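Asks: Attaching a predicted model along with its sequence, questions to come.
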Amino acid sequence: MKTEFTRSYREDMKEMKRKDSVGASLDEYSLMMPAHVRTGQVMGLVDVAAELGALTDLARLADELGDDIDTLLPILDTAEMLGLVEVKKGIVSLTLLGSRFHKASRYKIQMIREQLLRLEPFKTAFDLAAPSQAFSSAEVARDLSNRGVSWHHEPELNEAAVQGLLVHWAIYAGLFAYNGKTGKFQKPEDQQ
Amino acid sequence: MIAEENQAAPQRTTENQSVPRPILTAEHICLNYKRDKEFMPVLVDVSFTASNDQFVAITGPSGCGKSSLLRIIAGLIQPISGVCKYHDSPIKDTRREIAMIFQNFVLLPWRTAFENVMFPMTSRRDISESEAKHKCMGALSEVGLKNFENVYPGELSGGMKQRVGIARALAVEPEILLMDEPFNSLDNLTADHLRKEVYSLLINPSTSIKAVLMVSHNVEEIVELSDKVIILSPRPGRVVGEVEIDLPRPRDKKSDSFSNYEDRIYSFLS
Amino acid sequence: MLIALALSILFALVVGIAAARSKKAEAVFIPTLDVLQSIPILGFFPIVILAIISLFPSQLGVNIAVILLIFTSMSWNIAFGVYEAVKSIPHEYLELSSLAKASAWNRIKSLYVPASLTRIAYNTQTSWAVGLFYLVASEILTLGNSTYTVDHGIGVALIKFALVHDWVSYTYAIIALIIAVVIWRFVFLREFALWSEHYKFVEEPRNVHVDPLMRFYSWVNQKSIAKLFLITQGRGVNRFTSTLQKYRKTAKYSVLAGVAILVVLFFYNEVAIMLASHGGVALPNVHPSTVIPLEISVLVAFAYSFFRIWYVYMICVAVGLPLGIVISLKMKLYDTVSPVLEVISSIPAPALLPLIVLLAFGSGEVVAAIVIFIAMIWYVIFNVMAGVRTLPADYKDLARIFQITSKHAWKEIYIPSAITAFVTGSITAVGAAWNSLIVAEYFTTGNSTQPLTQVQFGIGKTITIATNQGDLLTLSLAIITMTVLIITFNLTVWRRVYHYATSKYTYNR
């Protein structure tokens, strides 16, 4: 399932680049972040790519990390979606943003807020977060699946995927604050 | 927008070039394990010191007793003979100046991240609640988990859980930090990333920590992080080697000197 | 006793295997077993006795009745165990047997039976204790109806001794019982359990200390509760509980309303009696001896029993929870105390009844409370102990390293860690309490129908009297009411409590 998803993402990405070049609006696209990728993994990937320099191909990457390609691909896709790396002919290289990201020592994820907001479920969540209104990941999941965007066909699992992504990425990026007791997200205090 | 901080890792301070005074010493530690009326020696005559601003690693094949050694230093168990000393006073029980980070995080699942960090403080009488709260929020921020205060451990990734564990230890402002295979339960990429942060997080002028002792079986991680490595033999554990690592930080894993150190440690292990 | 066990195992094998291998059988058997398991045995007991005795009015009949009852108490549990065991046989083995074209009998012999052995062994241990309870209870009870008595049986012996105040022989008999139980438990059952470990499919690391008692108490209880509440693949009861989910709010309110009604009935009766005894107030008195609607009196009896069980439960919690935690935390204490507890817990409460009566100064209420307490406390204690034992040692280290005060450690670490196990134990304990009422609330002995001890009102009493008088109407009414109410309570209240406890208080790493 992961590789399936990856393929369609790559096609999306190509489409998006093509449309970018003709000035089409990004709103038509819903780029989905893979459900199980976490910040630590992307940060780790960027670090390794930086260290290996120009010699980073997929096989070498997998070798270095001791992970198999299946595990690695979604992480790589995410890094690409966030504009941190470029993959050309199987060679992984850091973008300028990726390089700055690698060198930053704290609050890295905040650096990529803009990139994050182009992806789902963050885009929709951000739209739902009208000032001081708390929302739950269930609402976000429902909104998205009504528009045909979902990570899983079972609603419970879909919601769990959205919840995981929101907790692990959006909070880190400072997009929302989260209350575990109520299970709801809202805009952080300094932005209300 | 947050401005980027492009810090190099802080240099180790050497005020005067004389021999640094040890903060922690282990002197001829022996430990036996009782099973079915028989005594099996686990540690035999283990001695070493840890000084100011030192990151010490303890390693050895599995079963060599390194975790038990860590627990003796923590004051959780007592050796059969020999003594551990903290600033010249023997360690007979756990104490506030020595904190620990666990391999399996050991967080309370029914408490939020903030409440977990606050947990040790709630038992203390010598600190006001607002001050405790301030320290804990600060610790969470230090480990990069600002805004995660109200999240439950069940919703955190492994790397985040360990960060909460680190924040919990930082908040009590210990002098000695013990780490029991802290990266073992994390996936490779997350562990990789956390290791880079750990040194500057723990040993820097603004923390109270003066020495770190880490038990690990990952030689690469040991060379990446430590100033001194104590190598134990297979059971019963004896000290078979002590390696001082004098590489500038941040350490380049690809360099020859790095590999040399790795080889030296491996040679003791085989 | 052994006959019953053999029958149970046979039944269990037949039903369990059939259910595991055939979808149709599964759809029928499992929901039925689910329901049967949750009906308090109390419900079966008198009906079976009356029915069998009317069919075989002789020694044989009585013995059959007793055997059948014990069978009832044991078989559902074992059947579920077999079902689960067969279902979890790794599919490679099933494929292997069909490739080898093994005949059905062959398959049963070499695959299904060995697979089920562990479960059977473990379930036998719990079921045994339950069976023993009913053995002694039934022997003693049938004595109450003077025409039908069992000639031999430990229960009989105990009662005879107690009646003539022959305390010396009584003590000997009790000791003999204890010794027999201990030998049986530790020698046969434990060996059976350990031997059956050979037949497990999963390899466990050898240095794991196998503590069969703990394992089966927490595991078996969890499994039976799991069947009762948790959603599994499309079973009949599941559909019922999921529709119940839709009406959650209404269900919640109806339970509250139900409890409120019970409270009202309870006080109504008290008030009515009080008023009546203070002279001529024209309130319909709910005293059983006057003419009142039968349904109401049954409900009142149920109300009394309901509250009785709950106050005894509070006592159990206050005693069992801390005790269970304390014992499990200290290794030395645990090693010395738990075998002792095992032995004490195997003495069935009915055997001690004469002793209890003596201690309670003849107060029926106190006797009932003590018997119910004995029935409940072991489930609570053993489950709490099992729960705390699964707490990783790191947590104790955590408390010491960070200088957590004892009070905080209890509040924040030990008690929360015991909660899921505690809930499981509570559910089973309350179930056991309902079953114990038949002995707790009304007890006759000797040739007279004058009860040795009784409470003022209680459903157990109602049922026993009805049985003794052959009053089928009251009997069936009581049983149906009780069963329906208990099952409803289980499904609504317990289910939510269990769900809450597991979602918040279990360790997810």
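Replies: Arrived safely, thanks for sending.
Asks: Wait, B:Asn168 touches B:Val143, no?
Replies: If you look again at residue B:168, you'll see it is Arg, not Asn. No. Contact criterion CB atoms under 8 Å: B:Arg168 and B:Val143 do not qualify, at 9.7 Å. Every residue, glycine included, has its C-beta placed from N, CA and C.
Asks: list the contacts for the residue most central in space within chain A?
Replies: When CA atoms, centre = their mean is applied to chain A, the residue found nearest the centroid is A:Met33 (4.1 Å). Residues counted as contacts of A:Met33 (CB atoms under 8 Å, 6 or more residues apart in numbering or on different chains) are A:78, A:81, A:119-122, A:165, A:169.
Asks: which of these has the weakest pLDDT?
Replies: Note: of the contacts of A:Met33, the lowest pLDDT belongs to A:Glu120, at 83.
Asks: That residue and A:Ser150 touch, don't they?
Replies: No. In this structure A:Glu120 lies outside contact range of A:Ser150 using CB under 8 Å: 9.7 Å.
Asks: Touching both of these two, which residues are there?
Replies: A:Leu144.
Asks: Could you list the domains of chain A?
Replies: A:9-103, A:117-191 (automatic domain parsing).
Asks: what's the pLDDT at the residue of chain C found nearest chain B?
Replies: The nearest approach of chain C to chain B comes at C:Phe402, 3.7 Å away (CB to the nearest CB). Per-residue confidence (pLDDT) for C:Phe402: 94.
Asks: Phi and psi next, for it.
Replies: phi -90, psi 20 (degrees, to the nearest 10).
Asks: Distance check, the nearest residue to it once chain neighbours are set aside against B:Leu140.
Replies: Spatial nearest neighbour of C:Phe402, excluding adjacent residues (CB to CB, 6 or more residues apart in numbering or on different chains): B:Pro120 at 3.7 Å. As judged by CB to CB, to the nearest Å, B:Pro120 and B:Leu140 stand 14 Å apart.
Asks: just C:Phe373 next, same as before
Replies: From C:Phe373 to B:Leu140 the distance is 47 Å (CB to CB).
Asks: So which of these two has more stuff around it?
Replies: Of the pair C:Phe373 and B:Leu140, B:Leu140 is the one with more neighbours under other CB atoms under 10 Å in any protein chain shown, namely 26 against 19.
Asks: Can you name the residues that contact the more buried one?
Replies: When contacts are taken as CB under 8 Å, 6+ apart, B:Leu140 is in contact with B:113-114, B:117, B:146, B:148-149, B:164, B:167.
Asks: repeat that with 6 Å
Replies: Neighbour list for B:Leu140: B:117, B:167 [criterion: CB atoms under 6 Å, 6 or more residues apart in numbering or on different chains].
Asks: what helix or strand is it on?
Replies: Element membership for B:Leu140 (DSSP states H and E) is helix B:129-142.
Asks: following that helix, which helix or strand comes up?
Replies: helix B:158-171.
Asks: which residues are contacting stretch B:193-203?
Replies: Outside stretch B:193-203, the residues that reach it (CB under 6 Å, 6+ apart) are A:40, A:43-44, B:9, B:53, B:159, B:209, B:212, B:221, B:225.
Asks: per-residue confidence averaged over stretch B:106-116?
Replies: 92.
Asks: Ok, stretch B:88-98 next?
Replies: On average, stretch B:88-98 scores 91.
Asks: Just name the closest of the contacts of A:Met33 to chain C, please.
Replies: Closest to chain C, out of all of the contacts of A:Met33 and judged by CB to the nearest CB, is A:Leu165, at 18.4 Å.
Asks: wait, what's in contact with B:Ala132?
Replies: Taking CB under 6 Å, 6+ apart, one finds B:Met121 in contact with B:Ala132.
Asks: what about the residue nearest to C:Phe402, neighbour count?
Replies: Neighbours around B:Pro120, by other CB under 10 Å: 23.
Asks: Quick check: it is in a helix.
Replies: Yes. According to DSSP: H, G, I helix; E, B strand; the rest coil, B:Pro120 belongs to a helix.
Asks: Any figure for the gap between it and chain A?
Replies: In this view, B:Pro120 and chain A are 20 Å apart by CB to the nearest CB, to the nearest Å.
Asks: so that residue makes contact with B:Pro174?
Replies: No. With contact defined as CB atoms under 6 Å, B:Pro120 does not reach B:Pro174; the gap is 10.0 Å.
Asks: re the thing from before, any of the contacts of stretch B:193-203 buried? List them.
Replies: Buried residues within the contacts of stretch B:193-203, counting neighbours by 16 or more other CB atoms under 10 Å in any protein chain shown: A:40, A:43-44, B:53, B:159, B:209, B:212, B:221, B:225.
Asks: which one among the residues you listed gets closest to chain C?
Replies: Closest to chain C, out of all of the buried ones among the contacts of stretch B:193-203 and judged by CB to the nearest CB, is B:Gly159, at 13.3 Å.
Asks: ok, now which ones touch that closest one?
Replies: A:40, B:186, B:190, B:194.
Asks: Serialize the residues you listed to JSON lines and add fields for pLDDT and secondary structure.
Replies: Converted to JSON lines, those look like this (pLDDT from 0 to 100; DSSP: H, G, I helix; E, B strand; the rest coil):
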{"residue": "A:Gly40", "pLDDT": "85", "secondary structure": "helix"}
{"residue": "B:Leu186", "pLDDT": "91", "secondary structure": "coil"}
{"residue": "B:Thr190", "pLDDT": "87", "secondary structure": "helix"}
{"residue": "B:Leu194", "pLDDT": "90", "secondary structure": "helix"}
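Asks: Pipe the residues you listed into JSON lines and attach distance to B:Ile23 per row.
Replies: JSON lines is the format used below for the contacts of B:Gly159 (distance: CB to CB, whole Å):
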{"residue": "A:Gly40", "distance to B:Ile23": "31"}
{"residue": "B:Leu186", "distance to B:Ile23": "28"}
{"residue": "B:Thr190", "distance to B:Ile23": "30"}
{"residue": "B:Leu194", "distance to B:Ile23": "25"}
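Asks: Once you drop chain neighbours, what's closest to B:Gly158?
Replies: B:Leu186 (4.7 Å).
Asks: tally of neighbours for the closest residue in space to A:Leu65 that isn't next to it in sequence?
Replies: Leaving out its chain neighbours, the residue that sits closest to A:Leu65 by CB to CB, 6+ apart is B:Asn188, at 5.0 Å. Neighbours of B:Asn188 under the rule other CB under 10 Å: 16.
Asks: close enough to count as contact, B:Asn188 and A:Asp63?
Replies: No. When contacts are counted by CB under 6 Å, B:Asn188 is not listed as touching A:Asp63 (11.6 Å).
Asks: what's the pLDDT at C:Lys411?
Replies: So C:Lys411 comes in at 88 (pLDDT).
Asks: Just give me the neighbour total for it.
Replies: C:Lys411 has 13 neighbours, counted by other CB under 10 Å.
Asks: Repeat that for A:Glu139.
Replies: 17.
Asks: quick one: it from chain B, how far?
Replies: 17 Å.
Asks: who in chain A is up against chain B?
Replies: Listed as neighbours of chain B in chain A under the rule CB under 6 Å from any CB of the partner chain: A:38, A:40-41, A:43-45, A:65-66, A:103-105, A:107, A:110, A:167, A:171, A:177-180.
Asks: Try it again at 8 Å.
Replies: Contact residues, chain A versus chain B (CB under 8 Å from any CB of the partner chain): A:38-45, A:47-48, A:51, A:65-67, A:75, A:100, A:103-107, A:110-111, A:163-164, A:167-168, A:171-172, A:174, A:176-181, A:188.
Asks: Any regions of chain A where pLDDT drops low?
Replies: A:1-30, A:55, A:131-132, A:190-192 (pLDDT under 70).
Asks: where along it do the strands fall?
Replies: Along chain A, counting by DSSP state E, strands occupy A:31-32, A:85-88, A:91-94, A:119-120, A:135-136, A:177-179, A:184-186.
Asks: Can you tell me which of those is nearest to B:Lys133?
Replies: Closest approach to B:Lys133 among the strands of chain A is made by strand A:177-179 (16.7 Å; CB to CB).
Asks: What residues does the stretch 351-500 of chain C have near chain B?
Replies: C:392, C:394-395, C:397-398, C:400-405, C:408, C:412-413, C:416.
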